[in-house]
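> Test case, fold it:
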Amino acid sequence: MDTTIAIPRMELLQVADAVAREKSIDRDEVLIAMEQAIQKAGRSKYGHEHDIRAVIDRKTGEIKLTRVQEVVDEVVENEATQIPLKAAVRRDPNLKVGDFIIDELPPIDFGRIAAQTAKQVIVQKVRESERKRQFEEFKDRKGEIINGLVKRVEFGNVTVDLGRGEAMLRRDELLPRETFRNGDRVRAFILDVREEPRGPQIFLSRTHPDFMAKLFAQEVPEIYDGIIEIKAVARDPGSRAKIAVISHDSGIDPVGACVGMRGSRVQAVVQELQGEKIDIIPWSPDPATFVVNALAPAEVAKVVLDEDSGRIEVVVPDEQLSLAIGRRGQNVRLASQLTGFDIDILTEEQESKRRQEEFKSRSQMFMDALDVDDVIAQLLVTEGFTSIEEVAFVPAEDLAGIEGFDEDVATELKTRAVAWIEAEAERLNARRRELGVADEVAAIEGLTPAMLVALGEKGVKSLDDLADLAADELNDEKDGILKDFEVSTEDANAIIMAARAHWFADEKQA
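A predicted model of the protein is given here:
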């Protein structure tokens with residue numbers, strides 16, 4: 001297409017076929033790009049103001065170049081593309097407003113500049129079609145493992161040739177100390193496919209937990225077939241990982257199937273991940289059992305679970321502490337990621353000492369509040385009572401059932417507990433008023449007198465003060481104003497929204 005438009009007709013179609021095959025795009029899109037290039041060259045010759053159109057016959061390759069004018073009533077806004085009805089009917093009496101007059105133009109010779117322009121248009125259109133095809137091909141492949149060749153490495157970021165497209169493997173998605181050179185084969189996980197102005201961008205990862213899961217699915221037929229399911233994966237990329245599996249067939253051991261004969265299956269994954277150590281753990285629907293399994297190889301003596309706060313306390317023998325925590329906390333961190341629980345690890349000695357301190361402090365609380373001796377206080381603690389409120393509101397028969405108690409003792413304890421709660425509430429209310437916490441704040445559901453005092457001591461006194469807070473400012477475990485009251489995020493948000501209610505009421509009135 002360097003010299004003239006009169007390329008041999010069939011050769012034009014052959015060029016279109018060759019480009020379509022090479023770029024893996026539709027032949028018709030190449031021909032449309034050629035037509036647009038010829039149109040652009042035609043406008044350069046006859047004037048850019050004209051509506052020049054080109055059509056390539058899909059069977060013969062013949063090029064037809066035309067000029068199009070629209071028939072308008074009286075007012076002509078553009079003489080190059082419009083013709084008044086009076087002039088049009090002189091050419092054809094059947095024409096009416098809205099019709100088009102199509103004039104065939106003679107073949108044109110491409111000058112050097114026109115030929116270059118046409119080439120640029122074709123290249124641009126082919127590139128756009130190629131990008132569209134690439135996005136359509138990869139957009140539904142997120143989450144797959146793909147193989148490619150390293151095309152180039154820039155500042156640690158690896159560009160990977162996938163054969164029918166390019167992908168980016170960023171430095172932070174590579175395993176630590178992992179290096180690639182041009183021409184190296186690379187296997188990675190398709191993390192994301194995004195359509196951007198510069199074309200579709202395919203992002204890969206070798207550190208994502210699902211990369212490991214997909215590798216196991218490739219190595220373990222039972223996972224691919226759905227007999228064994230991977231329930232959770234936690235990774236410290238390049239160092240260590242934990243993977244939880246469950247078998248849907250009681251006759252198949254999920255851990256053994258993933259390990260393989262003499263470790264062949266797991267070793268194939270380890271080798272791909274540059275020696276990353278992998279703990280394969282049986283998944284359990286029981287959170288406590290699952291946490292015990294996840295902390296392997298450490299042995300666990302006792303588990304205390306608090307599902308409401310998402311925390312779990314694990315007691316291990318003294319000699320197992322370092323193994324349970326792992327190097328730089330790695331073992332407990334991975335177990336926490338795997339199970340979704342915050343895990344606190346104590347030795348048996350620490351747990352015993354803490355239990356003794358709790359027993360002592362709770363006994364003292366009952367002695368002070370209920371004015372009883374240490375024997376009665378210790379009996380209450382031994383029976384599981386943790387607060388004065390529990391004593392006040394538990395059925396009298398439950399208290400009377402404690403060994404050494406009778407109905408009279410139970411009734412007296414309940415009476416004293418109720419009296420203490422009322423006195424404490426009055427004291428706290430007086431303190432709240434002294435701190436200047438407004439009655440409107442005190443009326444908010446979910447705030448106890450003790451909470452109101454805590455708010456007042458932090459300068460939260462009016463509805464606006466409370467409304468300006470975020471949930472974590474109330475219930476953050478370290479710095480939250482109400483950190484001592486076990487307020488959930490949901491409850492914290494409800495309290496704040498109740499404080500903001502007057503804002504919306506004021507807006508409605510306005």
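> and the nearest residue in space to L295 that is not next to it in sequence, how many residues sit next to it?
The shortest distance from L295 to any non-neighbouring residue, by CB to CB, 6 or more residues apart in numbering, is to A335 (5.0 Å). C-beta here means a position set from N, CA and C on the backbone, and glycine is covered the same way. Neighbour count for A335, taken as other CB atoms under 10 Å: 28.
> and what of A470?
11.
> how much space is there between it and N493?
9 Å (CB to CB, to the nearest Å).
> In this structure, which residue sits furthest out from the middle?
Computed with CA atoms, centre = their mean, the residue of the chain farthest from its C-alpha average is R90, at 68.4 Å.
> Distance from the host helix or strand of it to the middle of the chain?
R90 belongs to helix 85-91 when elements are defined using DSSP states H and E. Relative to its chain's centre, helix 85-91 lies at 65 Å (CA atoms, centre = their mean, to the nearest Å).
> Need phi/psi at V158.
phi -110, psi 120 (degrees, to the nearest 10).
> likewise R194?
phi -120, psi 140.
> quick one, strands of the stretch 51-200 of the chain?
For the stretch 51-200 of the chain, the strands defined by DSSP state E, counting those that start in this stretch occupy 52-56, 63-72, 82-84, 100-104, 145-154, 157-161, 166-169, 185-196, 199-205.
> got the ones you listed as CSV, with distance to F485, mean neighbour count and mean pLDDT columns?
Converted to CSV, the strands of the stretch 51-200 of the chain look like this (distance: least, CB to CB, whole Å; neighbours: other CB atoms under 10 Å; pLDDT from 0 to 100):
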stretch, distance to F485, mean neighbour count, mean pLDDT
strand 52-56, 76, 19, 83
strand 63-72, 76, 18, 83
strand 82-84, 78, 17, 82
strand 100-104, 78, 12, 81
strand 145-154, 48, 15, 88
strand 157-161, 49, 19, 88
strand 166-169, 48, 20, 85
strand 185-196, 41, 17, 85
strand 199-205, 42, 20, 83
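> Tell me the secondary structure at the residue nearest to E313 when sequence neighbours are not counted.
In space, and not counting its chain neighbours, E313 is closest to V304: 4.1 Å by CB to CB, 6+ apart. Using DSSP: H, G, I helix; E, B strand; the rest coil, the structure places V304 in strand.
> quick one on the thing from earlier: give the helix, strand or coil label for the residue nearest to L295.
helix.
> where's it relative to I223, distance?
The value you get for A335 to I223, if CB to CB is used, is 22 Å.
> any idea which helix or strand carries A232?
strand 228-236.
> what are the pairing partners of the following helix or strand past that strand, and which direction each?
Later in the chain than strand 228-236, the nearest helix or strand by DSSP H and E is strand 240-247. When pairing is defined by DSSP bridges, strand 240-247 lines up against strand 228-236 (antiparallel), strand 277-282 (parallel).
> Out of the ones you listed, flag the one nearest S488.
strand 228-236 (24.2 Å; CB to CB).
> buried ones in the closest one?
For strand 228-236, the neighbour count (16 or more other CB atoms under 10 Å) marks 228, 230-236 as buried.
> got it, and stretch 276-288?
Applying 16+ other CB under 10 Å to stretch 276-288 flags 276, 278-284, 287-288 as buried.
> cool, stretch 386-401 as well?
Buried-residue list, stretch 386-401, by 16+ other CB under 10 Å: 388, 391-392, 394, 399.
> can you tell me which of these are in helices?
Among those, the ones falling in helices (DSSP state H) are 388, 391-392, 399.
> Can I get those in JSON lines including distance to I145?
Output for these, formatted as JSON lines (distance: CB to CB, whole Å):
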{"residue": "I388", "distance to I145": "60"}
{"residue": "V391", "distance to I145": "61"}
{"residue": "A392", "distance to I145": "61"}
{"residue": "L399", "distance to I145": "63"}
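> Distance to E440 and pLDDT added to those, as a markdown table?
Output for these, formatted as a markdown table (distance: CB to CB, whole Å; pLDDT from 0 to 100):
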| residue | distance to E440 | pLDDT |
| --- | --- | --- |
| I388 | 28 | 86 |
| V391 | 32 | 84 |
| A392 | 28 | 84 |
| L399 | 38 | 81 |
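> just curious, which of those is nearest to I190?
Among those, and counting by CB to CB, the member closest to I190 is I388, at 59.0 Å.
> A419 is in contact with the closest one, correct?
No. Look at I388 against A419 with CB atoms under 8 Å: they stay out of range, at 10.1 Å.
> rewinding a little: check contacts around the residue nearest to E313.
312-313, 315 (CB atoms under 8 Å, 6 or more residues apart in numbering).
> which of those has the most neighbours?
That'd be I312 among the contacts of V304, by other CB under 10 Å, with 24 neighbours.
> Leaving aside the residues adjacent along the chain, what's closest to that residue?
F341 (4.4 Å).
> Next up, the contacts around that neighbour.
287, 291, 305, 310-312.
> Where does confidence bottom out across the residues you listed?
Lowest in pLDDT among these is G310, which has 73.
> Around that one, count how many other residues there are.
G310 has 12 nearby residues by other CB under 10 Å.
> next one: D406
So D406, with other CB under 10 Å, has 11 neighbours.
> And A301, by the same measure?
Using other CB under 10 Å, A301 has 15 neighbouring residues.
> helices and strands of this protein: which one has the lowest mean pLDDT?
Ranked by mean pLDDT, DSSP states H and E, the weakest helix or strand in the chain is helix 112-138, scoring a mean of 66.
> Could you give the number of residues near A430?
12.
> Please confirm that it is located within a helix.
Yes. Looking at A430 with three-state DSSP, it is inside a helix.
> Report pLDDT for it.
A430 is given a pLDDT of 90.
> Kindly report the same for the one 3 residues further on.
At R433 the predicted local distance difference test score is 89.
> Which one of the ones in helices among the buried residues of stretch 386-401 is nearest to E412?
Closest approach to E412 among these (CB to CB): L399, at 9.7 Å.
> for the closest one, what are its contacts?
With CB under 8 Å, 6+ apart, L399 has these contacts: 391, 405, 409-410, 413-414.
> Which elements pack onto the strand or helix carrying V453?
According to DSSP H and E, V453 maps onto helix 449-457. Where contact means 3 or more CB pairs under 8 Å, 6 or more residues apart in numbering; DSSP states H and E, helix 449-457 is packed against helix 407-435, helix 439-442.
> and that helix with helix 407-435, angle?
If you take axes from the mean of the first three to the mean of the last three CA atoms, to 10 degrees, helix 449-457 sits at 20 degrees to helix 407-435.
> Setting the sequence-adjacent residues aside, check what's closest to L482.
Leaving out its chain neighbours, L482 is closest to L474 (CB to CB, 6+ apart), at 5.0 Å.
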